[in-house]
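> structure of the sequence below:
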Amino acid sequence: MDMSTHDLSQLFEQLGLPCSSQEIDAFIQQHRPLPDDIKISEAPFWSEAQQTFLREQLLADADWAELVDQLSVRLR
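Prediction:
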């Protein structure tokens, strides 16, 4: 099991997105509010590869899952 810890900037980097604090805030502002009935991994603004990554991380309860959940909350 990967015991490393990650931050939101690293999650955005993993997703291939700009990852400075300002860029993350701008992304969230641009894409919120995400309706409660849409899973974060099914949001229309992700590419297919990004959706797959997010879905796999959540299903595996992987190290990234907590950050994906945090991002989901910020997008709501």
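> residue nearest the centroid of the chain?
Val68 (4.3 Å; C-alpha atoms, centre = their mean).
> quick check, that residue in contact with Gln57.
Yes: contact criterion C-beta atoms under 8 Å: Val68 and Gln57 qualify, at 5.6 Å. C-betas here are computed from N, CA, C, even on glycine.
> hmm, back to that, what packs against the stretch of helix or strand the residue nearest to the centre of the chain belongs to?
Using DSSP states H and E, Val68 falls within helix 65-75. Counting contacts by 3 or more C-beta pairs under 8 Å, 6 or more residues apart in numbering; DSSP states H and E, helix 65-75 packs against helix 8-14, helix 21-31, helix 48-59.
> now the angle from that helix to helix 48-59?
Going by axes from the mean of the first three to the mean of the last three C-alpha atoms, to 10 degrees, helix 65-75 is angled at 110 degrees with respect to helix 48-59.
> give me the average confidence score over helix 65-75.
With pLDDT averaged residue by residue, helix 65-75 scores 96.
> buried ones in that helix?
With burial defined by 16 or more other C-beta atoms under 10 Å, the residues of helix 65-75 counted as buried are Leu67, Val68, Leu71, Ser72, Arg74, Leu75.
> contacts only, for the second one.
By C-beta atoms under 8 Å, 6 or more residues apart in numbering, Val68 lies in contact with Leu11, Ile40, Ser41, Leu54, Gln57, Leu58.
> run a quick neighbour tally on the residue nearest to the fourth one when sequence neighbours are not counted.
Read that as Leu54. Closest residue to Leu54 apart from its sequence neighbours, by C-beta to C-beta, 6 or more residues apart in numbering: Ser41 at 4.0 Å. Look at Ser41: counted by other C-beta atoms under 10 Å, it has 18 neighbours.
> noted, bye for now.
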